[in-house]
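Q: Provided below are the primary sequence and the corresponding predicted coordinates.
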2 protein chains.
Amino acid sequence: MQRCLSLLVDLYELTMAECYFRYKKDTQASFDLFVRELPQNRSYLIAAGLEDILNYIRSLSFSNEDIAYLEELKIFSSDFLEFLSTLKFSGDIWAMPEGEGFFPNEPVIRVTAPIIQAQLIESFLLNTINLQTMIASKASRVVQAAGGKAVYDFALRRTHGQDAGIKVARSSYMVGFAGTSNVLAGKIFKIPIAGTMAHSFVMSFKNELDSFLAYSRTFPGKTILLVDTYDVKKAIQNAIQVGLKLKEKGFRLLGIRLDSGDIVSLSKLARKMLNRAGLGYVEIFASGNLDEFRIKDILKSGGCCDSFGVGTHMGSSIDAPALDAIYKLCEVSDENGEFLPTMKLSKGKVTYPGRKQVFRIEDKRGKYIRDVLALEKEKIDDRPLLLKVVDKGKQVYELPSLEEIRKYVLRGLMKFPGPLKEVSAKYRYPVLISPGLKKLIQKLSRRLSRGQC
Amino acid sequence: MQRCLSLLVDLYELTMAECYFRYKKDTQASFDLFVRELPQNRSYLIAAGLEDILNYIRSLSFSNEDIAYLEELKIFSSDFLEFLSTLKFSGDIWAMPEGEGFFPNEPVIRVTAPIIQAQLIESFLLNTINLQTMIASKASRVVQAAGGKAVYDFALRRTHGQDAGIKVARSSYMVGFAGTSNVLAGKIFKIPIAGTMAHSFVMSFKNELDSFLAYSRTFPGKTILLVDTYDVKKAIQNAIQVGLKLKEKGFRLLGIRLDSGDIVSLSKLARKMLNRAGLGYVEIFASGNLDEFRIKDILKSGGCCDSFGVGTHMGSSIDAPALDAIYKLCEVSDENGEFLPTMKLSKGKVTYPGRKQVFRIEDKRGKYIRDVLALEKEKIDDRPLLLKVVDKGKQVYELPSLEEIRKYVLRGLMKFPGPLKEVSAKYRYPVLISPGLKKLIQKLSRRLSRGQC
């Protein structure tokens, strides 16, 4: 994955960079990466993508080949390209750790750096946070809806490309999925991998029973049989035959999979038939266009499913397939090197000025009750969510393992109010603006509307 | 991009492969890759992704490292892994060329190969076709809505990851976009790249005019000024000042960009002000959550836009963010090596049996009037859409250049009925089933419902 991605930028980052190079080479700036509004059907977001961003920051540099391409474009001056060829990131980055729950207007990442550098990394930061946070947030809802039942990522064939397939596996595992069907992601991130069989497998044999027998003989301790290629009831009878044969030989049939039809009634039927045959341990696995809404309905209606495979809906975040995280200037240095807070006033697109921190307020029992968006220097005696991860270009944050992040997500969600985690997504967690930030906004709004331009 | 992707498979492709290895090593099979239904707001699809698939097929092989990982899993037998370590693709592939318009139930790709191989490539084929065809189809609608005005891909920050960012640039250019903001995609595919400036650029200067002047001095012949950071009307006045200064020096201000607000009225105002100042040649560029519907509305309402930047909506195919292309067995060989057609009967998931071809029927003026889905061996005297691209594992198809595909798409769309290309997407192009295919379906349905299982 980590080929050189320094050219993965929108062209304007580079043209603005040349302009800054000419007119503002020593200007420093701070940018906030944040989300303005919750997407549809979301009451919280889970931060994801920081690991890739730190790898990118570390390896940011333009190769000779990159420079040669930029030269060909006949847009840039040679002194700027020479400058670019030795550029490294030398600024500071503060970020929420991966797995942190967060809300609109809270910076997930804050960059303070020479403005050329801070601007150049925008496209990559947004692309990375937008995908991984979108998926982690969607997948977390699926985990909550499944209420303790195992959920597996089956999305690879419907994710937006290869990179998305791999990141979907990681982001969903991070928030509590039990595993993925994606073998490469399993290898890269040490995620448990899982799978059953396809309809084509059943169809390629003369009859269904033959296909079940062939599979169970090949993987006697690891067989899950797909029972909806032809007639489900007959297929369950076939699965029972296979399950009993395995039992005789000292093996357990792991499960059957339902991939279509009325999952509630079919799973009840399957449970009854399996139990009656003395195969009470055989699990029922459901799949087929599942999402958090359908899983909740299935369980509420008494569906006898032990685990779920979730693909398309989670892997494309189908009800909210773009996150709209943005990256906005919040302060910029003047000729004397002094930082001046700045904000944008255009309609519906206001931004918060200054270098900010997010504080999460707990009650006495350790439950989260609200967040406060404040200026960094304000004294607020609670847990700050933004940690310094890069100091003068050097990574000063030790990346936690994926397993550690996974535990952090699940522990963190326990501390939020119950209604936050409901599938309906109606609850709104309070995020207050600190007195200091409020005052700054008022001051700046007045100054701007008096006519900065 | 082309690191080894052989492990980018769903686990079940590999477990089924071991089963086939044990029980059906010599079995041959054909699979169709197709879409069952048109996604929301689509009346046609544009095939895209074949180039990546042919590259994948060529490089398909399991490295020692891959095999070592699979060994660790303790799922597979050592003789199967040994077999896998020398596996190459040796089958045939028929495919629609990239850029071909197609419809539900028409195979875009047909694979005939030893069943192990045909099954193993499923995940990659689906992942690739799903993304690129989804984007090409969405982007084509945007191009049609813009009716000859230039449209640019600005999606990078909102695509589902890096791979998607690059493929979105290619797929949208393929169907007629004028260029992309994505510099890396520009480099890889030789796509024209484009860009303007960000709000943060304007905000980083003491006032708007200073920012405009700095930019225009750096790129006197290539300046497009963003006019909605503060007050649009004042910004247009500033842009006019800059435009006139450039004019004095013999340069032309290329354009201004509107990124928010009421694009119709603002663009009319801008046009009037620019014309009055003698800057009739300055183009008006619109962006900000645009899609085919908004572009059509803007143009219908007399908006004075010369070109459009389209990001999130196109780059995530936001109204239909998953394509649901599927890969289904349509025939399988018996013990004697004879191919037997097969189909699936489960509710709402019926498939068409046998090795098929798609014929596109033209009228006397060369306009397309319908397609016919037929058995390959049926004699239909029209243009077959599926071409042989791989013969016994060897690529026999010369990939056209992206520019050639782009011309092919635009020429092809001209031949379809006008209503097909309307944004409303209500028209349904006729796809008939040939007599031979109909007969085969009836025969097989009867046999299957008599109880194959």
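A: Thanks, I have it.

Q: The stretch 251-400 of chain A: helices as residue ranges?
A: A:263-276, A:292-300, A:312-315 (DSSP state H, counting those that start in this stretch).

Q: what pLDDT does residue A:452 get?
A: If you check residue A:452, the pLDDT there is 50.

Q: Those residues of the stretch 301-450 of chain A touching chain B, which are they?
A: Contact residues (Cβ under 8 Å from any Cβ of the partner chain) of the stretch 301-450 of chain A with chain B: A:312, A:315-318, A:321-324, A:327-329, A:332, A:342, A:344-349, A:448. Heads up, the C-betas are built off the backbone N, CA and C, glycines and all.

Q: Where does the prediction get shaky in the stretch 1-150 of chain A?
A: A:1-3 (pLDDT under 70).

Q: Which positions in it make contact with chain B?
A: A:1, A:3, A:5, A:7-16, A:18-20, A:22-24, A:27, A:29, A:31, A:66, A:69-70, A:73, A:75, A:115, A:119, A:122-123, A:126-128, A:130-131, A:134.

Q: now, which of those residues lie within strands?
A: Judged by DSSP state E, strands contain the following of these: A:29, A:31.

Q: For ChimeraX, write a command that selects the buried ones of the residues of the stretch 1-150 of chain A next to chain B.
A: Typed into ChimeraX, the line below selects the buried ones among those, using 16 or more other Cβ atoms under 10 Å in any protein chain shown:
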select /A:5,7,8,9,10,11,12,13,14,15,16,18,19,20,23,24,27,29,31,66,69,70,75,115,119,122,123,126,127,128,130,131,134
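
Q: Okay, and which of the residues of the stretch 1-150 of chain A next to chain B map to helices?
A: When DSSP state H defines the helices, the subset of the residues of the stretch 1-150 of chain A next to chain B inside them is A:11-16, A:18-20, A:22-23, A:66, A:69-70, A:115, A:119, A:122-123, A:126-128, A:130-131, A:134.

Q: Which parts of the stretch 351-453 of chain A are strands?
A: Using DSSP state E, counting those that start in this stretch, the strands of the stretch 351-453 of chain A run over A:356-362, A:368-375, A:383-384, A:387-391, A:394-395, A:431-433.

Q: same thing with the stretch 101-250 of chain A?
A: A:101-102, A:109-114, A:150-153, A:179-180, A:224-226.

Q: Which among those is found nearest to residue A:199?
A: strand A:224-226 (6.6 Å; Cβ to Cβ).

Q: Now that closest one: average pLDDT?
A: 98.

Q: Only C-alpha atoms, please: export stretch A:409-424 in PDB.
A: What follows is stretch A:409-424, C-alpha atoms only, in PDB (Å, rounded to 0.1, in the frame of the first residue of the first chain):
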ATOM      1  CA  VAL A 409     -13.600   1.500  21.300                       C
ATOM      2  CA  LEU A 410     -15.800  -1.000  23.200                       C
ATOM      3  CA  ARG A 411     -14.800   0.400  26.600                       C
ATOM      4  CA  GLY A 412     -15.400   4.000  25.400                       C
ATOM      5  CA  LEU A 413     -18.800   3.300  24.000                       C
ATOM      6  CA  MET A 414     -19.900   1.700  27.400                       C
ATOM      7  CA  LYS A 415     -19.300   5.100  29.000                       C
ATOM      8  CA  PHE A 416     -21.600   7.100  26.700                       C
ATOM      9  CA  PRO A 417     -25.300   7.400  27.500                       C
ATOM     10  CA  GLY A 418     -27.300   4.400  26.400                       C
ATOM     11  CA  PRO A 419     -29.600   6.200  23.900                       C
ATOM     12  CA  LEU A 420     -26.500   7.300  21.900                       C
ATOM     13  CA  LYS A 421     -26.000   3.700  20.800                       C
ATOM     14  CA  GLU A 422     -29.500   3.100  19.600                       C
ATOM     15  CA  VAL A 423     -30.100   2.300  15.900                       C
ATOM     16  CA  SER A 424     -32.600   5.100  15.700                       C
END
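
Q: Fine by me, thanks again.
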